[in-house]
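Chemist: I would like the atomic coordinates for the input below:
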Amino acid sequence: MSKVMEPGSVKRAAPNVLIATTAMLSFISFWRAAAVVLNDMGSSAFYAGAIAENFIGRTAPWFILAIMILAYAVRSVYIESCSMFVRGGVYRVVKEAMGSTLAKFSVSALMFDYILTGPISGVSAGLYLTGLINELLTAAHRGFTLPMNATAAFFAVLVTIYFWWENIKGIPESSEKALRIMYVTTVMVVIMIAWCAYTLAVRGGHVPPLPRLSTITYSEDALGWLRYTRLPYTVALVGILIGLGHSVLAMSGEETMAQVYREIEYPKLKNLEKAGFVIFVYSLIFTAGTAFFVVMIIPDGVRANFFSNPLGGVTMYLAGPQALRIMFRAFVAVVGTLMLAGAVNTSIVGSNGVLNRVSEDGILPHWFRHPHRRFGTSHRILNVVVALQLLTIVASGGNIFILGEAYAFGVMWSFAMKGLAVLVLRYKQPGKREFRVPGNFRVGSIEVPVGLALITAVLFALCITNLFTKQVATISGAAFTLIFFAVFTLSERTTRKYAGAHAELDQFNLTPEDNLDPQALGVRPGSVLVPVRNYNTLYNLKSVLDRLDTRQQDVVVLHLRFLQRTGGGEYELAPEQLFSLEEQTLFTRALELSEKKGKTIHLAVAAATDRWDGILRAAQNVGACEVVLGASPTSPFREEARLAGLAWERLPDPKPQLALSIYFPSGQEHVFYLGPHAPRLTTMEIDLLHAIWLELSNDLAPREIHHHDLVHFSLEQLQQDLAGPKRQAILDGLAAHLERVQGRRARSA
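Modeler: Next up, the predicted model:
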């Protein structure tokens, strides 16, 4: 990502302020997070059931249903990993549990999943749209139709390029598109379910046969290398695993959920659980439900003709007027195109998150995370991902079955490694977690995570079965994974050789400014200014994020760089000194806190000659109402407050009213008010004031007197006495009072 000045750029005067931005600084609701994942997982309803039936026959809907339930179990594994790590994707979790080598293998397999998810969704969208266009051309008696696969591939290319640009602009943009797509899709799903239910009630239907050795019908290419054995026909468990393996297309999006978790707003984990439940219910009803409707409504003799657009086929066999069915057929095609196109977006979002994490860990050069100068996104990673997806689309020629067959390798191996890693961490890092996969028992002092172990065992069983039954997936997936693994290994050696220990730091776009400005920072009046100086002592920032809702009040994190005089007496600070490795490390840690809390912060570095003048002028310039500091290890906090008060007096008019909060590592807080403000009265002062009011109220009756009248009169009298011969007596009395209360204040501190 960028430095303050690029090589060869025109030199400008040293800036006084740098506004720091990075790719991941905005947070989204759990609805938007669910929409991003559902654009991937829910979109599989448009093709997964048909592809599974192509391989294993009419029992396919039962396998799709089982995969949806398994997906919910796998989702709980991801939620547990996110409770341990904010950036809790496959790479981080596997590395923590089993080391860097297996982590690189896992992420290599995962990238194969993501590279295929976009093309298979884009091509499927193209098939739905092309099928609709061809039907309209036939109805209009035109003498030609569009070639299905080629047109679908061309459409997939256009969609991929479109969402590439949306992600270049940033995740808030692309998540908004995903949410809008889900609004339209939900309308279609409700109509589809109601109409299908009505059709079955009117015409009747046959529930697909339960999976047995006698009911599973394998296609010629469904068994791979196992076609040379009798196992699929004699061992029921093998047949079940083969059926599940050909249905895993319906289960994806879990890793994207882990990547998007970084963007979910506060409270993060609770919102992740909500998003996970929404995803489960929606995909169970939509994906599994439509798989059953396709088999139950479309006649067996013609259903194979609709394998490229099964939901479109269902609309043609619904009960009702033909004109209405044609209109709904068009609506389904449009919605399918939108949602499948949204899955392309999801694959790009997920790939970007995975490769960012790999780059942060020093596996890829930090050059890949260079933020877009305008939008702040990691555009170079996006360029690489989209280029690979476009190449995959062209190489497949738009054949949905080739893409579907190859897909299973990456997704299953990444899931299995994730499950094993979380299982290992139960014993390697047995500390308390906010969320645990259910099904835990204790035998003495030893925890037995039965639920987690069963999920992991099922995932590995599917991986091994797919190795022998999915030849295309095994060959292409293994080749891709090994190539990516080799690239990661070589790149890691080179990167760490030149980048040292700093590759894991976040990269920032830096905007030079003459002064801190609310518009430049993008903050509203009444913000909270949090000066930071040491990345190991950010407890003041943590305390602010714990108590504030950043949707209502902005948080500005400020680091001061102190100017040095040159030989000629001038102050000078080069741009690279204003934002050095110190600031990069400090802001990386601040961002980690921000991401963990799911709350937005705004980052700035400012030059200053005096600490308190710099802090209070920054607060005045940004319109802050509060300054929150960590306690100084060398200066008493009351002395800090006194110096802050003196600096406040030196501010130019109009001086702001500011609260100064000083936090200690223990969480203790001391609050002081700078400038004119209402004093914080203790119970003792309030009782004293009230007693005097009672006495004077009787003496001055029937005149009306209020508490504030006493305060006003007393202060005026004190001011007059200080200007007269009683001044020394007042000072002596006040000093004696301070001596009396000093011990009490020390104990309260």
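Chemist: ok, which stretches of the protein are strands?
Modeler: With DSSP state E as the definition, the chain shows strands at residue ranges 17-21, 440-443, 446-449, 509-513, 527-531, 555-562, 564-565, 571-572, 602-608, 624-630, 658-663, 669-674.
Chemist: name the helices or strands packed onto the last one?
Modeler: Where contact means 3 or more CB pairs under 8 Å, 6 or more residues apart in numbering; DSSP states H and E, strand 669-674 is packed against helix 637-650, strand 658-663. All C-beta atoms are positioned from the backbone trio N, CA, C, and that covers glycine.
Chemist: grab the CA positions of it and hand them over as CSV.
Modeler: Only the C-alpha atoms of strand 669-674 are listed here, as CSV (Å, rounded to 0.1, in the frame of the first residue of the first chain):
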residue,chain,number,x,y,z
GLU,A,669,-11.4,6.9,35.2
HIS,A,670,-11.0,10.5,36.3
VAL,A,671,-12.9,13.3,34.6
PHE,A,672,-12.0,17.0,34.5
TYR,A,673,-13.8,19.8,32.7
LEU,A,674,-11.8,22.4,30.8
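Chemist: now stretch 181-196: buried residues?
Modeler: 181-182, 185, 188-189, 192, 195-196 (16 or more other CB atoms under 10 Å).
Chemist: before we move on, the earlier item: most tightly packed of the strands of the chain?
Modeler: For those, ranked by mean neighbour count under the definition mean count of other CB atoms under 10 Å, the leader is strand 527-531 at a mean of 25.
Chemist: what lines up beside that one in the sheet?
Modeler: strand 555-562 (parallel), strand 624-630 (parallel) (DSSP bridges).
Chemist: that strand to strand 602-608, inter-axis angle?
Modeler: With axes from the mean of the first three to the mean of the last three CA atoms, to 10 degrees defining the directions, strand 527-531 sits at 60 degrees from strand 602-608.
Chemist: can you list contacts of strand 527-531?
Modeler: Strand 527-531 is touched from outside by 518, 540-541, 544, 548, 553-560, 601-602, 615, 618-619, 622-629, with contacts defined as CB atoms under 8 Å, 6 or more residues apart in numbering.
Chemist: same thing but 6 Å
Modeler: Contact partners of strand 527-531, identified using CB atoms under 6 Å, 6 or more residues apart in numbering, comprise 541, 544, 554-558, 615, 619, 622, 624, 626-629.
Chemist: and those residues, which two are furthest apart?
Modeler: The largest separation in these, counting by CB to CB, is between 554 and 629 at 17.7 Å.
Chemist: any stretches of this structure with poor pLDDT?
Modeler: Residues of the chain meeting the criterion pLDDT under 70: 1-26, 86-88, 170-175, 253, 376, 496-507, 509, 563-578, 677-678, 743-749.
Chemist: go through stretch 297-308 and flag the buried ones.
Modeler: Within stretch 297-308, the residues that qualify as buried are 297-298, 303, 306-308, counting by 16+ other CB under 10 Å.
Chemist: so can I have a markdown table of those residues showing distance to residue 641?
Modeler: Supplementary listing: the buried residues of stretch 297-308 in a markdown table, determined by distance: CB to CB, whole Å:
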| residue | distance to residue 641 |
| --- | --- |
| 297 | 75 |
| 298 | 77 |
| 303 | 78 |
| 306 | 75 |
| 307 | 74 |
| 308 | 72 |
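Chemist: in helices, which of those residues appear?
Modeler: Secondary structure assignment by DSSP state H places 297, 303 of the buried residues of stretch 297-308 in helices.
Chemist: circling back to that earlier point, as CSV, the strands of the chain with distance to residue 725 would be great.
Modeler: CSV is the format used below for the strands of the chain (distance: least, CB to CB, whole Å):
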stretch, distance to residue 725
strand 17-21, 52
strand 440-443, 80
strand 446-449, 79
strand 509-513, 54
strand 527-531, 45
strand 555-562, 47
strand 564-565, 48
strand 571-572, 49
strand 602-608, 45
strand 624-630, 40
strand 658-663, 36
strand 669-674, 32
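Chemist: and residue 387, which of these is closest to it?
Modeler: Each of these was checked against residue 387 via CB to CB, and the shortest separation belongs to strand 509-513, namely 23.4 Å.
Chemist: tilt between the closest one and strand 602-608?
Modeler: Calculated by the same axes, to 10 degrees, strand 509-513 forms an angle of 50 degrees with strand 602-608.
Chemist: report the contact partners of the residue lying closest to residue 460 once chain neighbours are set aside.
Modeler: In this structure, residue 460 finds its nearest non-sequential neighbour in residue 416, 4.8 Å apart by CB to CB, 6 or more residues apart in numbering. Residue 416 makes contacts with 459-460, 463, as judged by CB under 6 Å, 6+ apart.
Chemist: now, those residues that are in helices?
Modeler: Using DSSP H to define helices, the subset of these located there is 459-460, 463.
Chemist: closest one of those to residue 686?
Modeler: residue 459 (65.4 Å).
Chemist: would you agree that closest one is in contact with residue 419?
Modeler: Yes. Under the criterion of CB atoms under 6 Å, residue 459 lies in contact with residue 419, with a separation of 5.2 Å.
Chemist: so which of the two has more stuff around it?
Modeler: Taking residue 459 and residue 419 together and counting by other CB atoms under 10 Å, residue 419 has the greater number of neighbours (26 against 23).
Chemist: return the distance of the closest residue to residue 292 other than its chain neighbours relative to residue 641.
Modeler: Ranked by CB to CB, 6+ apart and with sequence neighbours excluded, the top spatial neighbour of residue 292 is residue 61, at 4.4 Å. Using CB to CB, to the nearest Å, we find residue 61 at a distance of 70 Å from residue 641.
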